[in-house]
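Trainee: Whatever this is, show me its structure:
(chains A and B)
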Amino acid sequence: MALRELKVCLLGDTGVGKSSIVWRFVEDSFDPNINPTIGASFMTKTVQYQNELHKFLIWDTAGQERFRALAPMYYRGSAAAIIVYDITKEESFTTLKNWVKELRQHGPPNIVVAIAGNKCDLSDAREVLEKDAKDYADSIHAIFVETSAKNAININEVFIEISKRIPLAESAGGTSGKAFKLGRQASESRRTCC
Amino acid sequence: MGADGGTCTSACPQMFASRAAHGRVNGTTAIPWRSSRRKPTLLEQLKGSECAWCPAAPWEREGARAALCGTPAGSFLVVRDSTTSVPSLLCVSAGGDNNEAVIDYCIKSTGTVFQLSESRLSFSDLAQLVLFYSLTRDVLAFCLSIPLWMYGVTEKTRDLSQLEPETWLCSPPDQQTDEMTQREPSNVMCSIQLTSTNGALCIINPLYLREHGDDWLTNRTTSAQSATQSPTNFRKERRLSSTRAWAGAGLLSKRAISMEQDSAAITETSGLTRALSADSPHCPTTTSETSAGVVLRRPSRDAASSPAPYRVSSGSLTPSTPSTPGGSNRASLELPPHGSPVPLSPHRVSWVEDGVWLPLPRPSSRLHPPSLELDSLSISSIEEEQEYQIPSPAPHHQSAHRLADKVIHRLSAVGQALGGLVSQKKRLTNRVQELSERKGSAFAEAVKGFVEMTLKKAGDHGGVTGSEFLQEVRSSLSSLRETLLDYPDILALLDSITDLNDSEIDSLVELSLHKVALKPVSAHLYSCIHTSRTNDGSFDRLQSNMSVLEKNGVEELGGSGGVGVPDSLTLERIQQRWTSMHEAYSPNKKVHILLKVCKSIYHSMSANASSGTAFGADDFLPCLTWVLLRSDVVTLHLDTDYMMELLDPTQLQGEGGYYLTTLYASLYYISSFRPRLAARQLSVEAQNSLNQWHRRRTLHCNQSRRSRNRRTIRRQACRDRGSQNSETDTERREERSGGDGESFDNDEEETQQQTEPEALQPLDVETHTPSDCNQRDEITSKQEERQMMCGEEDHR
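Mentor: This next block holds a predicted model:
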């Protein structure tokens, strides 16, 4: 089975729950026999998708405005970006739109974009309508889900959708040249196992 | 088999992965650097006879039970599901005559792996599972017993594929005795890795077990019997009880060199995948000689005839429980309840390994009980402790002597494992060193040329920036490696290293190269970076902004309330680590130290936080910045440049790459810090920096691309030696994501020929893409500036 490493970058305002989402995604795979990463800013998890194994290398970014200029160092070479907003904070949705713009201009070509409206457990305080967000996501062909890291809602789904959208690996050997042009070479290393 | 000297390796996930990548030979995953065997391995035989112990369709549970009734304990059959015909049940005889005497274990098969439902160990095929459980009981009540005649089977004597279950279960007595005498293993070393429930791990040197017995591992029952407790015993106990419930508990194996353990990736989904060595047929035959300690919880081979063969009692090791001193263990015999498939002990034999990869076993008198204090089995961590804990022992180390003692303990605990690894590493390093000094050899010339050329160049000449200079150095290193790998004896040496996966082997090559090539020039490189960074004003900016920012607390730097920062003691330790990071010449080693620093920062961050809070980058970056503001940023900047450019670029994606990026980002944040009004300039600088970044990555693609072709060749060469098997390639790009100081994946190993036809293409790419990118970046930088400004305005 081929193993592909997929670099996934997490973007979004501070406090929207980026790392909680990843934590949730990664925690159930916790196995004392597997070396964990040293902290929650960088985590990995491998999932099977069809006949491939996708190893997500998840790069968290600092969401504070002041660190914004640093983001390109992190999203370079990403196969996918998950942009997170907080459904109870309209402002975080505006930030999200800016990230989308920036990724389109400067992000890797063909980067898979996923939009996650987090904290959907707090629907009483909702400021961003699900429909609005969905429409926006559709307009930019992005994956869209509302998630709750707290209640573990739709967390795996985000990653499953990303797996689905990652272009299938070409046959070995032919990959490198193409991947290179996509600027994603490093994110798609492959190997087989079993 | 014994004559082969028992060159088996254990199977750890990495090994498994890398082996699997080599394609299958005879249905087993072949190790290309192994020469073919005279005799089929036990695993092959098991596979060949699968139709006998796992018959096809019309064979049901009852049939299996009936067939097993009355057979010796451990005899087994596998029953397939009647509808899906997937192997679903492992029936094991408990040695009795009635129907109760057969125990069933469910086999779960999820796609490509098989596992017993009670166990988390999974195997890529059924034969491996069976072989494993014939070596170690794990969750079973009995070890599986493979009919003795199997060991004597050669392809000539018997066509295994024709066997019937009945034949499988019967053991021709004549052959049995015959084989018994023949199977005296000449050299068997088994290391056993125990993983206790709290995640601590130890690797036990079998010689220790042979010498002292294994009672110290045993439980309350045994201890109750040992009413008198000697002081030694007590001490031993203390050591056991000091087992840390170590957060993360990630110790995997002796090959857990990587802090991140990327290559264990495959196992993350399926729990633990442990492949058994394909070449360990003599392992089960070791009882006569090594059962004294090697086999835990496993009936000795003659168990079949005598009903109470458990040498090691099963039971739990509770930290507070005293254990019996080594020696007689007959008193501790205890039969586990038949039919209970639950693990009886928190200690679990995760894998059994044999192999003779330690050239000379230590004299047993020097063997110590394994220390369970290992928090890392990596060689580098040991080296590191020696390196800078001894000179300045941390307060909790009472004396240097004590510490040295501990190091010895560690070394002996990890015993065979590290011994083998260290010696292999040394051999390679020495060999490379030798080659680099041998007059007239191509490699020596190349190294000499590289060193001279590098020393002649200053970083700042003719418009070449420090970064560009370092990038040249990096590509020279890569071609040096190619030269090195043209040497047949180096290849042979690498091929003889059977217990490392390919990326670890690559890492060894890279490290040995650093020693001969990078070490002589590193001081010069540093001075070049220094000049270059002084001239471009980076240092000035850093230093002047330091004074602006240094009074800021972590919250002012963007961290959330409640996030902790390192206390003065930790900070001091971090400073020491920065120093050793600076002193290391190998970028791999430096990154490894960086990860240690980051780990201790995380530790401080969550020290006061409510448990379960996971601090992500929102808090880590401010904390790291806080630490940097209290460190020697100029030196750190030098180190960052050095690592960034000289690290094998394929590493940049993983954990090491992430934290290196974060260090870079944080330094960048400090040096570019401006009052809000001057934000425009920040963007320009950001852009330049990003161009560099991009260039680096682009260069790296070409390198790793070329190397893939090379890899194919090496693989080819290996295969040609063994079997003429096909398909290879690219798959070795595992563990791309560095993450650690040791297991670096280095791609550029190669031989020249085959790349040539393809050489044009990468070159083509090489000439176009960077400039394209740069162009694009230049064009867009203006836009981005604007956009960034807008972005800021949007939020203010």
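Trainee: So what's the residue count around the residue lying closest to A:A149 once chain neighbours are set aside?
Mentor: Spatial nearest neighbour of A:A149, chain neighbours left out: A:S20 (3.6 Å); criterion: C-beta to C-beta, 6 or more residues apart in numbering or on different chains. C-beta coordinates here come from the backbone N, C-alpha and C atoms, glycine included. Neighbourhood size, A:S20 [other C-beta atoms under 10 Å in any protein chain shown]: 21.
Trainee: in chain A, which ranges drop under the pLDDT threshold?
Mentor: Where chain A drops to pLDDT under 70, the residues are A:28-35, A:169-194.
Trainee: mind running it again at 90?
Mentor: Scanning chain A with the threshold set as pLDDT under 90 gives A:1-5, A:19, A:23-24, A:26-40, A:46, A:48, A:50-53, A:110, A:150, A:167-194.
Trainee: re earlier: and the residue nearest to A:A149, which helix or strand is it part of?
Mentor: If you go by DSSP states H and E, A:S20 is part of helix A:18-27.
Trainee: re earlier: isn't the residue nearest to A:A149 right up against A:K150?
Mentor: Yes: applying C-beta atoms under 8 Å, one finds A:S20 in contact with A:K150, separated by 7.3 Å.
Trainee: On the three-state scheme, B:L90 is what?
Mentor: strand (DSSP: H, G, I helix; E, B strand; the rest coil).
Trainee: Against chain A, how distant is it?
Mentor: Counting by C-beta to the nearest C-beta, to the nearest Å, the separation of B:L90 from chain A is 20 Å.
Trainee: who's in contact with the closest residue to that residue other than its chain neighbours?
Mentor: Using C-beta to C-beta, 6+ apart and skipping residues adjacent in sequence, the residue nearest B:L90 is B:Y105, 4.4 Å away. Counting by C-beta atoms under 8 Å, 6 or more residues apart in numbering or on different chains, B:Y105 touches B:89-92, B:116-118, B:139-140, B:341.
Trainee: okay, these in TSV with neighbour count next?
Mentor: Formatted as TSV, the contacts of B:Y105 follow (neighbours: other C-beta atoms under 10 Å in any protein chain shown):
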residue	neighbour count
B:L89	17
B:L90	27
B:C91	20
B:V92	28
B:L116	21
B:S117	13
B:E118	16
B:V139	20
B:L140	25
B:P341	21
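Trainee: State the helix or strand in which B:S85 lies.
Mentor: With DSSP H and E as the test, B:S85 turns up in no helix or strand.
Trainee: and if you look at A:F56?
Mentor: Counting by DSSP H and E, the element that carries A:F56 is strand A:52-60.
Trainee: by contact count, what packs against that strand?
Mentor: Using 3 or more C-beta pairs under 8 Å, 6 or more residues apart in numbering or on different chains; DSSP states H and E, the elements in contact with strand A:52-60 are strand A:2-11, helix A:18-27, strand A:42-49, helix A:155-165, helix B:265-270, helix B:617-628, helix B:655-671.
Trainee: Output these in JSON lines, with distance to B:E482 appended to each entry.
Mentor: Listed next are the helices and strands packed on strand A:52-60 as JSON lines, based on distance: least, C-beta to C-beta, whole Å:
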{"stretch": "strand A:2-11", "distance to B:E482": "24"}
{"stretch": "helix A:18-27", "distance to B:E482": "38"}
{"stretch": "strand A:42-49", "distance to B:E482": "30"}
{"stretch": "helix A:155-165", "distance to B:E482": "36"}
{"stretch": "helix B:265-270", "distance to B:E482": "28"}
{"stretch": "helix B:617-628", "distance to B:E482": "37"}
{"stretch": "helix B:655-671", "distance to B:E482": "23"}
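Trainee: Among these, which comes closest to B:Q128?
Mentor: Among these, helix B:265-270 comes nearest to B:Q128, with 13.5 Å by C-beta to C-beta.
Trainee: can you tell me the average pLDDT over that closest one?
Mentor: Averaged over helix B:265-270, pLDDT sits at 36.
Trainee: Can you name the residues that contact the residue of chain B found nearest chain A?
Mentor: Per C-beta to the nearest C-beta, B:G616 is where chain B lies closest to chain A, at 2.5 Å. The contact partners of B:G616, by C-beta under 8 Å, 6+ apart, come to A:10, A:18-20, A:22-23, A:40-41, A:60.
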